[in-house]
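> Below are the sequence and a predicted model; questions follow.
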Amino acid sequence: MPWKTLVVILALVTFALLPQLAAAHCQVPCGIYDDAARFDRMYEDAATIEKAMVQMQDLAGKTDAQSANQLTRWIITKEAHASNIITTVSEYFLTQKVKPVAADNEGHAAFLIKLEDHHLVMNAAMKAKQKSDPEVVGALRAALDQMGKHYDLKHDHE
């Protein structure tokens with residue numbers, strides 16, 4: 001079989017399979033995620049960040065090795081949970097739930113508000129990474145509350 005014929009056959013097989021791949025807009029098949037569960041986890045992350053900050057303040061100024069070790073572990077925990085929130089908003093909500101609306105289309109203003117509310121959560125989580133004051137978590141929770149208004153937060157399995 002000539003190589004040109006083989007290339008054409010491979011191209012046809014590829015194009016035959018492509019529509020199935022292109023139709024998928026989610027990172028995995030739709031219908032298996034629970035928005036409310038994602039929010040539950042983000043609120044749990046916020047609670048963990050707050051606890052880490054309280055523990056960090058309690059350990060601040062102590063010079064023994066065990067306190068330094070625990071302080072480091074709480075800092076790492078705080079950073080990881082703030083990153084979890086940022087990842088959830090960006091990789092789940094922004095990529096799969098927030099659908100762009102062109103500037104000249106109806107719904108664009110609502111899209112911008114939704115986008116801003118998601119950005120506020122990511123920004124608040126970033127500030128939680130940068131700071132050690134538990135009051136920062138209040139802004140994070142308020143941003144989560146605002147973002148949550150865009151979703152039905154009843155669990156799908158209820």
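Happy to help now that I have it. These numbers were taken from a predicted model, which means no experiment stands behind them.
> check contacts around the residue minimising distance to the centre of the chain.
In the chain, the residue lying closest to the centroid (Cα atoms, centre = their mean) is residue 88, at 1.7 Å. Neighbouring residues of residue 88 by Cβ atoms under 8 Å, 6 or more residues apart in numbering: 38, 41, 42. C-beta coordinates here come from the backbone N, C-alpha and C atoms, glycine included.
> what's near enough to touch the last one?
Yep, that's residue 42 we're talking about. Per Cβ under 8 Å, 6+ apart, neighbours of residue 42: 84, 85, 88, 89, 121, 144.
> Distance of it relative to residue 137?
Distance, residue 42 to residue 137, by Cβ to Cβ, to the nearest Å: 12 Å.
> swap in the first one?
In this structure, residue 38 lies at 18 Å from residue 137, with Cβ to Cβ as the measure.
> hmm, back to that, redo the contacts of residue 88 as JSON lines? Include secondary structure.
Below are those laid out as JSON lines (DSSP: H, G, I helix; E, B strand; the rest coil):
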{"residue": "38", "secondary structure": "helix"}
{"residue": "41", "secondary structure": "helix"}
{"residue": "42", "secondary structure": "helix"}
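> For the chain, give me the ranges with low pLDDT.
Judged against pLDDT under 70, the low-scoring parts of the chain cover residues 1-31, 155-158.
> Tell me where it has helices.
3-23, 35-59, 65-87, 95-96, 108-130, 136-148 (DSSP state H).
> Please identify the buried residues of the second one?
Under the neighbour-count criterion of 16 or more other Cβ atoms under 10 Å, helix 35-59 has 35-36, 38-39, 42-43, 45-46, 48-53, 55-56, 59 buried.
> same question, the third one
Within helix 65-87, the residues scored as buried using 16+ other Cβ under 10 Å are 70, 71, 74, 75, 77, 78, 81, 82, 84, 85, 86.
> Among the residues you listed, which one sits closest to residue 105?
Proximity of the buried residues of helix 65-87 to residue 105 (Cβ to Cβ) peaks at residue 86, which lies at 28.6 Å.
> Is it correct that that closest one is in contact with residue 125?
Yes - with contact defined as Cβ atoms under 8 Å, residue 86 and residue 125 form a contacting pair (5.0 Å).
> Now do the same contact list for the nearest residue to residue 134 once chain neighbours are set aside.
In space, and not counting its chain neighbours, residue 134 is closest to residue 53: 4.4 Å by Cβ to Cβ, 6 or more residues apart in numbering. Residue 53 sits next to 78, 131, 132, 133, 134, 136, 137 when contact means Cβ under 8 Å, 6+ apart.
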